[in-house]
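> show me how the following folds:
(6 chains)
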Protein chains: 6
Amino acid sequence: MPFVTIQIGEGHSIEKKRELAKAVTDTLVETLGTKREWVTIHIDEFNRDNWAVGGELHSDKHPGRHAEKSA
Amino acid sequence: MPFVTIQIGEGHSIEKKRELAKAVTDTLVETLGTKREWVTIHIDEFNRDNWAVGGELHSDKHPGRHAEKSA
Amino acid sequence: MPFVTIQIGEGHSIEKKRELAKAVTDTLVETLGTKREWVTIHIDEFNRDNWAVGGELHSDKHPGRHAEKSA
Amino acid sequence: MPFVTIQIGEGHSIEKKRELAKAVTDTLVETLGTKREWVTIHIDEFNRDNWAVGGELHSDKHPGRHAEKSA
Amino acid sequence: MPFVTIQIGEGHSIEKKRELAKAVTDTLVETLGTKREWVTIHIDEFNRDNWAVGGELHSDKHPGRHAEKSA
Amino acid sequence: MPFVTIQIGEGHSIEKKRELAKAVTDTLVETLGTKREWVTIHIDEFNRDNWAVGGELHSDKHPGRHAEKSA
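Coordinates of the predicted model:
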């Protein structure tokens, strides 16, 4: 009963989320042999003001980057 | 010092959250014998576009369901 | 589709975990009206060397406390 | 900078974990167009005594199932 | 490759988040000797209606407290 | 009521964990002005077979690195 949490920058379209949920589920079914209906995916979007690498906020580091690209 | 995270679909009223926090805390105190003031509850609401079971988004699977019922 | 994570000190018996999982599931079904089979519970046990309140490790603060009581 | 947490039953071999980490990373790179080196995967294994669906511990529900199959 | 999640009440300014991300990263680098660029910080803000201690919602317990102070 | 989860490679000594919990708590108190006793720290250690960056397990990438250094 895999439970997968995917933390990505906010701003992805529902089409992209639909594609992501399907693709990651496919990958788990193929790799682990688990039943498809047992796989739960949670897309946990973060605001780029709330994510830092190397001590610098993502929104400071890449001010002009669109959310879709900053995943 | 139990810390409980409850992930549910968004859209519950504050009355329902108040009832939920109280009831889950009661259950932990009764079951584990922990002190009431040591129990922390975090209600972590998800958007139904961000949750998938069996590779399908919750908002695609149940388009007409109200958030309150889709917990 | 509630997903509940319960972080407690390690050392509880399987009987206690069974009771806890059942009781918290009952509480969610009663409070939220969700279907029973949709509730997932994850008991995430922590080592008392890895948990601190007020900057002090739980194992330093309560050296003689049994895990079962320190939930 | 996607961060992915995969919660599965414990007992998978390192070969299976290696395959899983690679496959999920591939899926994120293809789906989101993110840079490969930005993807972090955390495989968070749970003991089957600590996971319940519908109020019943996984180890009670499937006592004879091997961990590898119960993912 | 430390990954740090900081759950605090919502409503902090970006200046405060910037200061927090930098200060916690500094602390990890000094304490663990890890490389600065390996540290990721996620500030996960919660709504005070969704957080309870001792069975009481934070927003009920401290109705007049500002988010900035209620961290 | 900040709740901080620090995910690091396993194998740190209790002295190092004590120092880490104290230092991160100090940092939160100074930065956010929160009360010391409200800060909870959870050190969540991962096995290096269960962590991958860029699709490669940490234990494959750095086979000779000691856990203490691989934080």
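
> what about the closest residue to residue A:7 other than its chain neighbours, how many neighbours?
Once its chain neighbours are removed from consideration, residue A:7 has its nearest residue in residue D:3; the separation is 4.3 Å (C-beta to C-beta, 6 or more residues apart in numbering or on different chains). Using the backbone N, CA and C atoms, a C-beta is placed for each residue, glycine as well. Using other C-beta atoms under 10 Å in any protein chain shown, residue D:3 has 21 other residues around it.

> so residue D:3 makes contact with residue D:44?
No - when contacts are counted by C-beta atoms under 8 Å, residue D:3 is not listed as touching residue D:44 (11.8 Å).

> give me the neighbour count for residue A:24.
Neighbour count of residue A:24, defined by other C-beta under 10 Å: 25.

> I meant to write residue A:45 there.
The local packing of residue A:45 (other C-beta under 10 Å) involves 18 other residues.

> could you measure from it over to residue A:9?
Note on residue A:45: its distance to residue A:9, by C-beta to C-beta, to the nearest Å, is 7 Å.

> who touches residue A:39 in this structure?
Contact criterion C-beta atoms under 8 Å, 6 or more residues apart in numbering or on different chains gives A:2, A:4, A:25, A:28-29, B:53-55 as the residues in contact with residue A:39.

> could I get the buried residue list for stretch A:47-67?
By neighbour count, and taking 16 or more other C-beta atoms under 10 Å in any protein chain shown as the criterion, the buried residues in stretch A:47-67 are A:47-59.

> from those, which single one is nearest residue E:40?
Taking C-beta to C-beta as the measure, residue E:40 sits nearest to residue A:53 out of these, at 5.3 Å.

> tell me the contacts of the closest one?
Contacts of residue A:53 were listed using C-beta under 8 Å, 6+ apart, and they are A:61, D:1, E:37, E:39-41.

> residue A:44 reaches residue A:4, doesn't it?
No - here residue A:44 does not reach residue A:4: they are 10.3 Å apart, not a contact under C-beta under 8 Å.

> who has more neighbours out of these two?
Between residue A:44 and residue A:4, residue A:4 has the larger neighbour count (other C-beta under 10 Å), namely 23 against 19.

> just how off-centre is the lowest-mean-pLDDT helix or strand in chain A within its chain?
Sorted by mean pLDDT, DSSP states H and E, the helices and strands of chain A end with helix A:58-61, the least confident at a mean of 95. In terms of C-alpha atoms, centre = their mean, to the nearest Å, the centre of helix A:58-61 is found 18 Å from the chain centre.

> from the contact counts, what lies against that helix?
For helix A:58-61, the packing partners by 3 or more C-beta pairs under 8 Å, 6 or more residues apart in numbering or on different chains; DSSP states H and E come out as strand A:51-53.

> next, the angle helix D:14-32 makes with the host helix or strand of residue A:18.
Per DSSP states H and E: residue A:18 is located in helix A:14-32. Computed with axes from the mean of the first three to the mean of the last three C-alpha atoms, to 10 degrees, the direction of helix A:14-32 lies at 160 degrees from that of helix D:14-32.

> wait, does helix A:14-32 contact chain C?
No - with C-beta under 8 Å from any C-beta of the partner chain as the measure, helix A:14-32 is seen stopping short of chain C, the closest distance being 13.6 Å.

> close to chain B, is that helix?
Yes - using C-beta under 8 Å from any C-beta, helix A:14-32 reaches chain B at A:14, A:17-18, A:21-22, A:25-26.

> extract the residue ranges of chain A that are flagged as low pLDDT.
Segments of chain A classed as low confidence (criterion: pLDDT under 70) are A:65-71.

> perfect, that will be all.
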